[in-house]
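Colleague: prediction below, plus the sequence it came from.
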Amino acid sequence: MGRLDQLDLSPKLSKAEESERLGAAQKRLATLRLALGGKLGSSELGPPVCVLFEGWDASGKGGAIKRLIAPLDLRHVRVAQFAAPTAHEKRHHFLWRFWPALPGWGGMAVLDRSWYGRVLVERVEGLATSEQWDRAYGEITAFERSLADEGTILIKFFLHISDEEQLRRFKRREGDPLKQWKLTDEDWRNRAKRGAYEQALEDMLERTDHDRGSWDLVAGDSKRWARVKVVETVCERIEAGMRERGFEPALAVSDEQLAG
């Protein structure tokens, strides 16, 4: 049994529970973000924060990212989306195209898809040779360790949903004129290869989970649960990372300060 099989997909939240917990977590995140940026408490810049999202098609990555950045000033966070590499990007090492999106000290970046495409879609679709994607596990781990050694707080999410829930979401998108654009022929092709993707995912989790960049698996069958879990986990990881690097995250801030 793999790690995905062991994840409990049943947790749910009521609308009221989501509102209460999400509001509290978002306020905490806004406080931490101001502290990291030297805008609250000490003027010293805190460590870079990089949050990356992987997940099944229709797993709710977009909604989770939207709630994550909602309390933040857009001048203080960068969201970068990554699709298939361009012809120019393919001329370089596969990690090359991600460097410009990485945050510096005092900065925060959220990556919608990431370098893990090398060992997921590029592996399953035959866009990388077996030698290339097999070598990539070590390259990715070394890359992430180098970022952490320079101070980066790296937070990695995989949003997991059941096969049944993914199909329900696909059909809802198919029947909604305002969401049909989200569903492509490629999504259906990927779904047909779910077994191959599951094996690639298990290999990814086993070979790239390390002490400087552990994976957080998020049960995504309930969007409310997943959104709250993501924001709460980011707060916890930032607080722990700040303490490890000698920064004090326990800062009090009033509603008036946040509003200002």
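Modeller: Perfect, I can see it now.
Colleague: in which helix or strand would I find the residue positioned nearest the centre of the chain?
Modeller: The centroid of the chain falls nearest to F53 when counting by C-alpha atoms, centre = their mean (2.3 Å). Per DSSP states H and E, F53 falls inside strand 49-55.
Colleague: could you pull out the helices in the chain for me?
Modeller: Secondary structure of the chain (DSSP state H): helices at 3-6, 15-36, 61-69, 121-124, 130-149, 163-174, 185-192, 194-208, 223-244, 255-259.
Colleague: for these, which one sits closest to W215?
Modeller: helix 194-208 (5.6 Å; C-beta to C-beta). Where you see a C-beta, it was placed from the backbone N, CA and C, and this is true even at glycine.
Colleague: name the residues of that closest one that are buried.
Modeller: Across helix 194-208, burial judged by 16 or more other C-beta atoms under 10 Å covers 197-198, 200-201, 203-205, 208.
Colleague: going by distance to L95, which of the residues you listed wins?
Modeller: Nearest to L95 among the buried residues of helix 194-208, counting by C-beta to C-beta, is T208 at 13.1 Å.
Colleague: pLDDT on the strand holding F53, on average?
Modeller: On average, the pLDDT along strand 49-55 is 98.
Colleague: adjacent strands (with direction) for it?
Modeller: If you go by DSSP bridges, strand 49-55 pairs up with strand 108-112 (parallel), strand 153-160 (parallel).
Colleague: by how many degrees do the first one and helix 223-244 diverge?
Modeller: So the one you mean is strand 108-112. 140 degrees (axes from the mean of the first three to the mean of the last three C-alpha atoms, to 10 degrees).
Colleague: and the angle from strand 108-112 to helix 61-69?
Modeller: Going by the same axes, to 10 degrees, strand 108-112 makes 170 degrees with helix 61-69.
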